[in-house]
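# mind looking at a prediction? Sequence and model below.
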Amino acid sequence: MKKALAILIALAMLFTCVGCGEDPVDSSATTTTIEAVDVTTTVDANNADQTTAPSSSKQPTKGSSSTKSTGISSTSSTTSKPTRASEFHKAKYRRYGKYITVRGGMKNTAHRIVNDLQLRISFMGGSVTEGMGSSRVKGGFRTRLINFLREECPSALFTETNSTLGGNGSQYGVYVAEQMVASTTPDLVFIEYAVNNGYDGVRDADKLWNHYETMIHTIRKANPYADIVLVYVSDRSETSQNIIPILEQIADKYQLTSINLHQAMKDSMNSDYKWEYYYGDDSVHPNDNGYDVMAEVLFGAVQYGLTTTPYTYAKLPLPAAKGALQSEAKAVAATSCTIPAGWAKSGKFSYGVNLFSGCIQTTETGKTLTVKFKGTHFGVLVEFAEVAGVLEYSVDGGTYQQLNCNLNYSNPKARMLLENAANTEHTITMRLASGSRMQIAAYLMNGTLVSVG
């Protein structure tokens, strides 16, 4: 007992971080003393506004990358003001723990914060993760969560990569997982696609397993130490209700923490606070009240990791996938390829999101765009809008099929034109059949591009 007490005292002298909670853990909680910090900026994969964060001079350890590879830049301004000693708190975990299934936990996340004084976080998801409906702070629960973390540990560097795209589910995430997420070797990844999978009709268990296992393997191969958290949101119509149980099976297999934000929101609604108190008129996107709750639940999960000692750092499970992964999944910018006659480059894509250096577009019907690739899956990131028309496409010379891209609001969407094909060369021919215009930002493929013309 004396020896254990001595170890705890030594740890208390070694560690200190500032807590934000109102319910501290017991007196044996691990704390850490931290040196002064400088300032850095965070990057948004979708060109969103940048935010600032404190930076430590400590070098990254396993699973980390240089600032060059993440796009993170630092300034040389430093402060000599020391941090104050405190303890980690887990008040929000105690309050919201029933919505958090810990499984393998987030010890690697805790290790990076406490021992390395830095954490790279990546967010994958749709418009809720993007922060639509939040009027007070850009970023919805993302910005709030980052702010909570900086309050809890002001001497650690927290950087964020925002890889969200509203209106899209996991079939978009599969094709940007390498370029926008794994390439930054994140320490902690939040994946939120359940509700948009429902809207896109991606409900089939085999397809969901393929999408999520592909993303998990892509991320974990880039950083075997990366903690991955599945986040579940929904709408008033419970669009996610049949999808979440499948994702829970995936979380079980890979021992991922999962967080049911939808259930937390439902339970927050009592006789005084109805759905309208937390959500906007569309009953899908939270308002500031809703995002406050969501951020607190997410922070509770991180708090659990911070209060679980020792802070081990170990490679995480990567069992074999159920089926064939899309191991060559990628998004190829249409503007980087040959642009055929009748099509032209446009600087902005859909609702103002500048993805993939803009897009290519046509306003002339019948002008063909032909893509040849060798692989198993092919799709496009295409504009859905009031001005968008009907895209006709033919696979390997077959009968033309139609994709109606007309929508009463503007939204880029990932749509697959070929799936689970033989791993050989395929030819996809596309054209505008009717309507005012067609915009394509990227070719989504599991395979290798051969030519565009």
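Sure thing, it's come through. In this text the structure is predicted, and so the values were computed from the model without any measurement.

# the nearest residue to Gly397 once chain neighbours are set aside: what secondary structure?
In space, and not counting its chain neighbours, Gly397 is closest to Thr427: 6.9 Å by C-beta to C-beta, 6 or more residues apart in numbering. C-beta here means a position set from N, CA and C on the backbone, and glycine is covered the same way. Classification of Thr427 using DSSP: H, G, I helix; E, B strand; the rest coil returns strand.

# show me the beta-bridge partners of Thr427.
Lys372 (DSSP bridges).

# for Gly379, see how far away it is.
As for Thr427, its distance to Gly379 is 15 Å (criterion: C-beta to C-beta, to the nearest Å).

# against Gly104, how distant is the residue most central in space within the chain?
Closest to where the C-alpha atoms of the chain average out (C-alpha atoms, centre = their mean) is Met124, at 1.4 Å. Using C-beta to C-beta, Met124 is found at 19 Å from Gly104.

# pretty sure Lys322 belongs to a helix, no?
No: with three-state DSSP as the criterion, Lys322 is located in coil rather than a helix.

# contacts only, for it.
209-210, 213 (C-beta atoms under 8 Å, 6 or more residues apart in numbering).

# ramachandran coordinates for it?
Taking degrees, to the nearest 10, you get phi -70, psi -40 for the backbone angles of Lys322.

# likewise for Phe190?
phi -100, psi 130.

# list the contacts for it?
Contacts of Phe190 by C-beta under 8 Å, 6+ apart are 121-125, 129, 229, 231, 298.

# for it, which residues count as its bridge partners?
In this entry, Phe190 is beta-bridged to Phe123, Val229, by DSSP bridges.

# pLDDT value on it, please?
Per-residue pLDDT puts Phe190 at 98.

# now do Ser350
73.

# roughly how far does it sit from Arg437?
Distance from Ser350 to Arg437, by C-beta to C-beta: 11 Å.

# next: Met106.
In terms of C-beta to C-beta, Met106 sits 46 Å off from Arg437.

# which one of those two is surrounded by more residues?
The neighbour comparison of Met106 against Arg437 (other C-beta atoms under 10 Å) goes to Met106, with 25 against 16.

# spatially, what comes nearest to that one if we skip its sequence neighbours?
Leaving out its chain neighbours, the residue that sits closest to Met106 by C-beta to C-beta, 6+ apart is Gly305, at 3.4 Å.

# and that neighbour, how far from His285?
28 Å.

# the more surrounded of the two?
Gly305 (25 against 22).

# which one of Thr427 and Gly379 has more residues nearby?
Each of Thr427 and Gly379 has its neighbours counted (other C-beta under 10 Å); Gly379 has more, 24 against 16.

# so that one, which state does it fall into?
Three-state assignment for Gly379 (three-state DSSP): strand.

# go ahead and confirm it touches Gln171.
Yes: contact criterion C-beta atoms under 8 Å: Gly379 and Gln171 qualify, at 7.3 Å.

# walk me through the domains of the chain.
Listed domain ranges for the chain are 2-306, 329-452 (source: automatic domain parsing).

# can you redo these as CSV with distance to Tyr313?
Listed next are those as CSV, based on distance: least, C-beta to C-beta, whole Å:
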stretch, distance to Tyr313
domain 2-306, 4
domain 329-452, 28
